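> okay, predicted coordinates and the sequence, questions at the end:
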Amino acid sequence: MSESKDFLRTIVENDLKSGKYNEVVTRFPPEPNGFPHIGHAKSICINFGIAKDYNGYCNLRMDDTNPTTEDTKYVEALKDAVEWLGFKWGSNSVYYTSDYFQKIYEYAVQLIKMGKAYVDSINEEEMREYRGTVTQAGRRSEFANRTIEENLDLFERMKKGEFKDGEHVLRAKIDMSAANMKMRDPLLYRIRHAHHFRTGDEWCIYPMYDYAHCLSDYIEGVTHSICTLEFENNRDIYDWVLDTLELPKPRPYQHEFARLGINYTVMSKRKLLELVNGNYVSGWDDPRMPTIAGYKRRGYTKESILNFCDQIGIAKANSMVDVSQLEFCIRDDLNTKAPRVMAVLDPIKVTIENYNGKEEIDAPYFPHDIPKEGSRKIPFSNEVYIEREDFSENPVKGYNRLTLEQPVRLRHAYIITCKEVIKDASGNIVEIKAEYNPNSKSGNDTSGIKVKSAIQWVDAKTAKKIEVRLYDRLYKNEAPEGLEDLNPNSLTIIKDALIEPAVITDKADVRFQFEREGYFYADPIDYTDENPVFNKIVGLKDSWAKKTKTEDKPVEKVIHELKKIRNEIVHGKEIPLTDEEKILFVNYVNRLNLNNEVSNILARDKELSKFYEEALAELNSPVTIANIVANDVAKELKQSNQLKFDAKQIAQLVKMIDEEIISNKIAKQVFEEMVKSGVNPSKIVEDKGLVQITDVNIISPIIDEVIAKNPDNVAKYKAGNDKLFGFFVGQVLKATDGKANPKVVNDLVIEKLNS
């Protein structure tokens, strides 16, 4: 458990210390009418995580009160999501609200006998009209005057199935003039002549969520009923039902947190179901879907999802998270897990005319700065394939790959030079004739030829054909509303990509980094030995911002986007925008290139925007500062009355990130220490020894010592065993506890081994 507690854990601790509860019992109560999405992952982490932290337990309960939309396939998807994320529910069995239908019905009868509930017979239109408005009180229908005996009789007949759907409802008798409109005689039961996937046709009346939820919590002994902010107004109903029934204590209490919102993403089950039913995606587990099943099939790891949920934290106010933060988490996780291999997605043939025979080249699976062992043999002959974009007849300025005049290295192999280009009748290049330098082998290069880059390749005779599915964001707009916002280029299928033979595998749950392309996953459903299929998980860098950022947007369009975001946050209720907010938002989007969601967070909060401007005045790094302020600083402002750090310190932290003194991961640790102590980030880094060692005078003798201790490996390396280079780098990094700068180590190791 983190030392820095969120407000929910503070509530739980206080309840335990005061003796309000002897143990903690939470619950995750999804409705089984769709597959769980990334927002559910956050809720799962909170509910199961809190229970685990305080040695309690969390129940998995299906809210199966609407038989018209629910199905066992959704139950299984929810169970699989919880288990895949690494959590276990409180007993061997999954709970269902339907387990308590009889008991919940008996409580309803009790409310009727108390004069606190009545059967109403007006239609839906009249019910809406009688409800009133925010400024005008509602009024009860004439049926609220029915006697207790009449209500009991009608409710029993409703249960027996004597009435049609919608003919009657059971309502709580509370207050039709209540300021909270949820309390204006809310519905408790409605008639549904539909087959239930568990209870069959036993029931034809079903309890409403607000009524069944609190009673299910009570029956199960739940202590902390944790839900998202849209249920904040429903809390009054939750308390009314339990208090009115005068149920023995201890009883549960509801606590709300901000739901997860991610840009370029929709998480409405209705909209996700529309995508599935309309065949806009291949199913709930389509790798473009924000469902846990979709992320799982795409190749996301549970560790990346859990880390993402931990990073975004638990807040009291709704905000939007940039999807790039989730993409960062999977890159960060796979960087040290996924072996590197070579694939060519758009191949063009290269014939090396002066090479005869064939050989196998040793190549490490991991780069030198990752101290992991493992290598594979890459076949090499006089015919290879390279990426079509890695050759240019008419290169633009700064093009560093193969041209008619410019040689290039084949990764892990030799330097080649273009000698001739073969074209078809249409003028398209079909083959490149080249020569290689036999003295230029990687790791033992004595050719003296200087090249600007190394490109991936595969051997033409042994490469395997694969299908590659390139996934992009499902929506093209930051705040998508519907099908019109779908990205037409969210899926590209390449049928004839080529890959080195070491990659072909029949193992499940396999991920690779295709060098220079991104991280890929063997599709767990469609992959076969005859037709290997790989899904692109994520690219090596976030190229979306560069791809979408062009010239400044018109001010009117930017303001329209702001209004759309604000309306979405407050569930469609129009909130006037101040001139100051408009100016700030336009400035952040157009001048500083911040995304809409971060710009909105900063513009709507005067204290936050002031903090951001102060930090920006110290350091011109607008995007990095904005992300930290909008996410981490904003979170602390909501949870603390006074910050222990200031804007200048945040600028110092960002500067260390920009200058690569510390990594993003280390920066998170430093920030957490700043929250607790207010100490300058540079001092924290220094005191904890987090600075990377770049001094050659410090690193050089360590390398000398490693080389001196391993004479046999030195001899093997000089004899051509390139993979041992990673061994030496790894030993140096290990000797410095990973603090030595990998680039400095690489350069020095090469220099010393080749001397």
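Noted; the coordinates are in hand. Everything quoted here is computed from the prediction, not taken from an experiment.

> stretch 161-180: which residues count as buried?
Within stretch 161-180, the residues scored as buried using 16 or more other CB atoms under 10 Å are 163, 168, 169, 170, 171, 172, 173, 174, 176, 178. Where you see a C-beta, it was placed from the backbone N, CA and C, and this is true even at glycine.

> now swap in stretch 403-416 and tell me
Here stretch 403-416 shows 403, 406, 407, 408, 409, 410, 411, 412, 413, 414, 415, 416 as buried, counting by 16+ other CB under 10 Å.

> quick one: distance of it to the chain centre.
Put simply, stretch 403-416 sits 38 Å off its chain's centre (CA atoms, centre = their mean, to the nearest Å).

> tell me the span between the first and last residue of it.
10 Å (CA to CA, to the nearest Å).

> check stretch 687-695 too.
18 Å.

> which residues are in contact with that stretch?
660-662, 666, 669-670, 673, 679, 684-685, 699, 736, 739-741, 744 (CB atoms under 8 Å, 6 or more residues apart in numbering).

> list the contacts of the residue nearest to residue 31 when sequence neighbours are not counted.
Closest residue in space to residue 31, ignoring its immediate chain neighbours: residue 63 at 4.5 Å, by CB to CB, 6 or more residues apart in numbering. Shown in contact with residue 63 (CB under 8 Å, 6+ apart): 29, 30, 31, 32, 97, 209, 212, 213, 216.

> just the buried ones from the residues you listed?
So, by 16+ other CB under 10 Å, the buried ones in the contacts of residue 63 are 29, 30, 31, 32, 97, 209, 212, 213, 216.

> for residue 199, see how far away the fifth one is.
The gap separating residue 97 from residue 199 is 11 Å, by CB to CB, to the nearest Å.

> just the third one next, same as before
According to CB to CB, residue 31 stands 16 Å off from residue 199.

> same check, this time on the first one
From residue 29 across to residue 199, the span is 18 Å (CB to CB).

> just the last one next, same as before
When distances are taken as CB to CB, residue 216 and residue 199 turn out to be 15 Å apart.

> likewise residue 315?
In terms of CB to CB, residue 315 sits 38 Å off from residue 199.

> of the two, who's got more company?
When neighbours are counted by other CB atoms under 10 Å, residue 315 and residue 199 differ, and residue 315 comes out ahead with 19 against 15.

> report the separation between the more buried one and residue 234.
19 Å.

> now do residue 218
Remark: distance between residue 218 and residue 234 (CB to CB) = 16 Å.

> how about the closest residue to residue 132 other than its chain neighbours, secondary structure?
Spatial nearest neighbour of residue 132, excluding adjacent residues (CB to CB, 6+ apart): residue 138 at 3.3 Å. Residue 138 falls in the coil class when you classify it by DSSP: H, G, I helix; E, B strand; the rest coil.

> list the contacts of residue 138.
130, 131, 132, 176, 177, 181, 184, 185.

> let's see that with 7 Å instead.
130, 131, 132, 176, 177, 184 (CB atoms under 7 Å, 6 or more residues apart in numbering).

> swap in residue 658?
So residue 658 contacts 621, 624 (CB under 7 Å, 6+ apart).

> so for it, what pLDDT did the model give?
If you check residue 658, the pLDDT there is 78.

> where does it fall, phi/psi-wise?
Main-chain dihedrals, residue 658, degrees, to the nearest 10: phi -60, psi -40.

> you'd agree residue 206 is up against residue 192?
Yes - Residue 206 is within contact range of residue 192, at 5.1 Å (criterion: CB atoms under 7 Å).

> tell me where the stretch 1-150 of the chain has strands.
For the stretch 1-150 of the chain, strands defined by DSSP state E, counting those that start in this stretch occupy the ranges 25-28, 57-62, 95-96, 117-120.

> how about the secondary structure of residue 430?
Following three-state DSSP, we place residue 430 in the strand state.

> okay, now the unreliable bits of this structure?
1-4, 505-508, 542-577, 579, 660, 663-665, 722-723, 737-738, 742-743 (pLDDT under 70).

> tell me, what residue is most central in this structure?
With distances taken as CA atoms, centre = their mean, the residue of the chain nearest its centroid is residue 326 (3.7 Å).

> ok so, going back, could you dump the strands of the stretch 1-150 of the chain to TSV with mean neighbour count and distance to residue 367?
Output for the strands of the stretch 1-150 of the chain, formatted as TSV (neighbours: other CB atoms under 10 Å; distance: least, CB to CB, whole Å):
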stretch	mean neighbour count	distance to residue 367
strand 25-28	25	40
strand 57-62	24	40
strand 95-96	20	48
strand 117-120	25	68
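
> just the ones of the buried ones among the contacts of residue 63 in helices?
209, 212, 213, 216 (DSSP state H).

> in the helix or strand hosting residue 676, what counts as buried?
For residue 676, the host element (DSSP states H and E) is helix 664-677. Under the neighbour-count criterion of 16+ other CB under 10 Å, helix 664-677 has 666, 667, 670, 671, 673, 674, 675 buried.

> give me phi/psi at the residue nearest to residue 132?
phi -90, psi -180.

> now residue 520
Given degrees, to the nearest 10, the pair of backbone angles that residue 520 has is phi -130, psi 160.

> helices or strands next to the host helix or strand of residue 362 in the packing?
Per DSSP H and E, residue 362 falls inside strand 359-364. Helices and strands touching strand 359-364, by 3 or more CB pairs under 7 Å, 6 or more residues apart in numbering; DSSP states H and E, are strand 375-380.
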